[in-house]
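1. Everything below, folded, please.
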Amino acid sequence: MKVSSSPAKSPSKVDVLFIDNDSLLLGMIEKELEQEEDIRFSREVNAVKGLEKAKEIDPGIIVLDPVAEGLSGEKLLQEIRKSDCFENTKVMILSKKIDHEHIQQYEALNVDDFIQKPFQISELIFRLKKLT
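-> Have a look, this model is predicted:
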């Protein structure tokens, strides 16, 4: 996990990047996470742009929907896991489809957690904090 140490950022906050094509959902999550003192929220709706943003902000956690625009979830995970800059980055899958087959596929790519849509925001926050 990466905790921000930049003077412009609070050292106690973990950067969490959400990559999901559902802008409405991301807006609701952002509103709720604004109240959390130890989480800094970032988002991107396109997977390719999300990967670029991840390289810029070096998040401690990436939360992604495997059907985000621009790149398949599996390909995005492969890119994240093969990059040394994300060696300690935790990854959570946020998806409508989480069955045994998908779990096995994502575990092979070292996914740290899963949460199925729809979900309670309190459950998401709990799982994020558990990953930090």
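2. for Phe86, what are its contacts?
-> By Cβ atoms under 8 Å, 6 or more residues apart in numbering, Phe86 lies in contact with 54, 62, 80. Placement of C-beta: from N, CA and C, glycine included.
3. so where is the protein shaky, pLDDT-wise?
-> 1-11 (pLDDT under 70).
4. now the strands for it?
-> With DSSP state E as the criterion, the chain has strands at 14-19, 39-44, 61-64, 90-95, 113-116.
5. just to revisit the earlier point, from the contacts of Phe86, which is closest to Gly27?
-> Ranking the contacts of Phe86 by separation from Gly27, with Cβ to Cβ as the measure, puts Ile62 on top at 18.6 Å.
6. any idea which of the contacts of Phe86 is closest to Lys117?
-> When the contacts of Phe86 are compared against Lys117 (criterion: Cβ to Cβ), the nearest one is Ile62, at 16.7 Å.
7. ok, of the contacts of Phe86, which one's closest to Leu131?
-> Ile62 (10.3 Å).
8. What number of residues are in the vicinity of that closest one?
-> The local packing count at Ile62 equals 26, with neighbours defined by other Cβ atoms under 10 Å.
9. Isn't it up against Lys53?
-> No - taking contacts as Cβ atoms under 8 Å, Ile62 lies outside contact range of Lys53: 9.7 Å.
10. Just checking the distance from stretch 24-35 to the centre of its chain.
-> 13 Å (Cα atoms, centre = their mean, to the nearest Å).
11. would you put the C-alpha positions of it in CSV?
-> The C-alpha atoms that make up stretch 24-35 are tabulated as CSV, following Å, rounded to 0.1, in the frame of the first residue of the first chain:
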residue,chain,number,x,y,z
LEU,A,24,-23.3,8.4,-11.7
LEU,A,25,-22.1,5.7,-9.4
LEU,A,26,-18.6,7.3,-9.3
GLY,A,27,-20.2,10.6,-8.3
MET,A,28,-22.1,8.9,-5.4
ILE,A,29,-19.0,7.1,-4.2
GLU,A,30,-17.0,10.3,-4.4
LYS,A,31,-19.6,12.2,-2.3
GLU,A,32,-19.5,9.5,0.4
LEU,A,33,-15.7,9.1,0.4
GLU,A,34,-15.2,12.9,0.8
GLN,A,35,-16.2,12.3,4.4
